[in-house]
Structures are given as structure tokens and as C-alpha cells.
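Visitor: Sharing a model that was predicted from the sequence below.
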Amino acid sequence: MRIIRYVDPDQNRERWGVLDPDGTVYAAVGEPFRDLTQGAAVAPVDEVRLVAPVAPSKIICVGRNYAEHAAELGNEVPKEPLLFLKPPSAIVASGDEVVHPAISKRLDHEAELALVIAKTGRKVAAADAMSMIGGYTVANDVTARDIQKSDPQWTRGKGWDTFCPIGPWVETDFDPSDVRVTATVNGEIRQDGRTKDFIFDIPYLIDYITAFTTLQPGDVILTGTPEGVGPVQPGDTMTIAVEGLGELTNPVIAEK
């Protein structure tokens, strides 16, 4: 099932929905990522505006989860997961603009597989971790690299408004164990990796994260980016793809 969020064309309100393979949007019945089912038909997908298919209380990101990405930035491979947060206000949908801050001299793309949590969990063992997941989607951990390096913590470099494109939908039936993750800029491929090369796999990450914080339904985890991160400029277009999940495309604009 592909779970989406869309703007209701009649009431101009954001609603949860289901996207059928034939391109029809259906209203959603029930709780997203838990017991959601398909309701009445709404419209063809090209007649509605899709928004980001998540509304999390928190976004937990994993840094340096591919050895070659750690190496390209001159960092050691971490012995434990390196975690940081992005605020929900950083989320934008596929097609939305990503703003290049005026104070930043280098803005980077970071292609990632993201997972969406289906139920509340604390101290979840790795053996039980996959039952926590309600679906998977595509994400771009946009990073102001110079600000990230200049600050003792990564909050500004990672948390700017528009720095977390996610979408275009959440797929509930998906095997994340070995899929291709890519980033292209203006049609030129920049990143090309596979999730089998994670340093820390998904069950381990959920075990590690829930040891200190409670995951809530709808929370999002970004699993890390492969090597090849690089700068983008206003006027560029970034496309992030995860094999089997679709593409996430966002233009870059200058801060006004």
C-alpha cells in the first residue's frame, strides 16, 4: 500500500490517502501506518497536490552509516550509531523548493532511505524491531556543510527549514535489506550505494534508539547516506531515488 498525504480539492485541507497503482487517490480510513485502509475514490493523482507523507513528532537521523561516506569526509567509522535530530519544520514534499541559506557557502545533498514508525516503542530488542516499522520512503538529508563543520553541534547545519525533503509516498510492503540509493543533480548521478552496506542495520538502529527515547507512531528515522555527497547551487535540481520506492525531486533556490 502506498500511503500519501494530499490537499483535499474540495475542502483545501490536508488529508491522509492511499495511492492505487493505477494512479487513483483514495481517502484513507483508520490510523496511518497502523490499521489504515482504502476508502472512497477522490481523484486521479495528477489532479491533487501531494504533500509530504509524514507528520512526525521527531526525525532521528543516522550519521556516517556507510563506511565510504565516513571516509570521503575524513571521518572514522563510528563504533556506535551517530545520531542527530532534524526538526519537523524542515520537512518539505517532493517538488517543493529547498532554500540555499545566504550565509552558507556549501549546501550538500544526502540521499537516504527513511523508515516510518507504526507504534509506540521503548527498549525494543533488535529481534522485535521490524515490527515497529509501518513503511518506508525516500529522504534527502540536506546539509549546510560549512555550518555543520563550524558549529559544535549539527542543529543549524542540518535543521534549516526545507532541509528534509521526504516522499513522495510511504510504501508499507517493502524489503529494505539490499536496495539501491542514488542522488542525481541536474540529471548527473552523484551518489550510488546499496543498503546492504549499512554499518548498523535497521534492527540494531531501532534497538539503539529506543534504549534512550520512546518512538511514537509517525516518527521518522533517516538511515544514513552513501558516498558521493556534494554541493548544489540555486538553480540546480536534486533527485533522490530508492530502488522500489520511487523518486523525490526538489529544486534549489536562493534565500530571499
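Guide: Nice, I can see it. Residues are numbered from 1 along each chain as shown.
Visitor: hey, where'd the strands end up in the stretch 1-150 of the chain?
Guide: 2-7, 14-19, 24-29, 37-44, 49-51, 59-63, 82-86, 91-92, 98-100, 107-109, 111-117, 133-140, 143-144 (DSSP state E, counting those that start in this stretch).
Visitor: Looking at the ones you listed, which is nearest to residue 232?
Guide: strand 107-109 (5.6 Å; Cβ to Cβ). The way it works is simple: take the backbone N, C-alpha and C, and place the C-beta from them, glycine included.
Visitor: what's next to that closest one, contact-wise?
Guide: Identification of contacts with strand 107-109 by Cβ atoms under 8 Å, 6 or more residues apart in numbering yields 98, 100-101, 140, 142-145, 183, 185, 190-191, 229-233, 238, 240, 252.
Visitor: Go through the lowest-mean-pLDDT helix or strand in the chain and flag the buried ones.
Guide: Every helix and strand of the chain was ranked by mean pLDDT, DSSP states H and E. The lowest is helix 67-72, at a mean of 90. Neighbour-count burial for helix 67-72 flags 67, 69-70 (criterion: 16 or more other Cβ atoms under 10 Å).
Visitor: Alpha carbons only: can I get it in CSV?
Guide: Only the C-alpha atoms of helix 67-72 are listed here, as CSV (Å, rounded to 0.1, in the frame of the first residue of the first chain):
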residue,chain,number,x,y,z
ALA,A,67,32.0,3.4,5.7
GLU,A,68,32.9,5.0,2.4
HIS,A,69,30.8,8.1,3.2
ALA,A,70,32.7,8.5,6.5
ALA,A,71,36.0,8.2,4.6
GLU,A,72,35.1,10.8,2.0
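Visitor: gap between it and the chain center?
Guide: 20 Å (Cα atoms, centre = their mean, to the nearest Å).
Visitor: could you say what helices and strands it packs with?
Guide: Judged by 3 or more Cβ pairs under 8 Å, 6 or more residues apart in numbering; DSSP states H and E, helix 67-72 is in contact with no other helix or strand.
Visitor: Pull the residues that contact it.
Guide: Contacts of helix 67-72 with the rest of the structure, by Cβ under 8 Å, 6+ apart, involve 64, 76-78, 193, 197, 199, 224-229.
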